[in-house]
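Asker: Here is the input, now give the coordinates:
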Amino acid sequence: MHSTLVRAQTVFGFFTTVAFCVAALIALSDFVSPQTPSADVKLRNVQVVRGRPNYYSTKKEEYAHIKFDLDTALGVLHLQNQRPKYQITDYTGKVANRSDVVLELGWNVQPWVGALTWRGWRDWGVWKGLKGGMTERFEFPGIKERVKVRKEDLGTAKGGEGNRGKPA
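Answerer: Numbering: from 1, shown residues only. Sure thing, here's the model as predicted:
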């Protein structure tokens, strides 16, 4: 007869073997299923502002706020008027009036079991590369300069407040 400890060790060994085999089948099933993702990204609004793009930034620089629409066939995802998680900056600190800018969709899959894969633009086995998922080339707008207005100019701009009581 076997002791209780030997029986527990046998049950645990059988459980880990079965769990490993199931996990291996789950990981391999990702490589077998063909995937043909497609997406459509459209710009809504692009603005360039000057300031600190994040709390930890020590200097003021130019960064872009972008809003976009995203429609995907993979997972049937429809997002409208979305903002990215991070602002778009440049190492030079200047993004205003930059041209040839393109937004690209990219993603990675965090599996329960198996390899972390970066899905993107290339065909690899039964996986097809992403169709669409890029915006047309666009240009970042310039920064709008603040215009200083004097009080005297403000009175005449409102329809002649400075001329009250005087004949026209």
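
Asker: wouldn't His108 be in contact with Ala115 here?
Answerer: If you look again at residue 108, you'll see it is Asn, not His. No. Asn108 is beyond contact range of Ala115, at 10.4 Å (criterion: C-beta atoms under 8 Å). Quick note: C-beta positions are derived from backbone N, CA and C, even for glycine.

Asker: What is the subsequent helix or strand relative to the longest strand seen in the chain?
Answerer: Secondary structure assigned by DSSP state E gives strand 38-51 as the longest strand of the chain. Per DSSP states H and E, the first helix or strand lying C-terminal to strand 38-51 is strand 61-72.

Asker: Would you mind finding the longest helix in this structure?
Answerer: In the chain, assigned by DSSP state H, the helix with the most residues is helix 4-32.

Asker: before we move on, the earlier item: please identify the pairing partners of the longest strand of the chain and their relative orientation?
Answerer: Its sheet considered, strand 38-51 pairs with strand 61-72 (antiparallel), strand 131-132 (parallel) by DSSP bridges.

Asker: Any chance of CSV for the ones you listed, columns distance to Leu43 and mean pLDDT?
Answerer: Formatted as CSV, those follow (distance: least, C-beta to C-beta, whole Å; pLDDT from 0 to 100):
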stretch, distance to Leu43, mean pLDDT
strand 61-72, 6, 90
strand 131-132, 14, 84
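
Asker: what's the most buried one of these?
Answerer: strand 61-72 (a mean of 18; mean count of other C-beta atoms under 10 Å).

Asker: care to break this protein down by domain?
Answerer: 1-33, 36-132 (automatic domain parsing).
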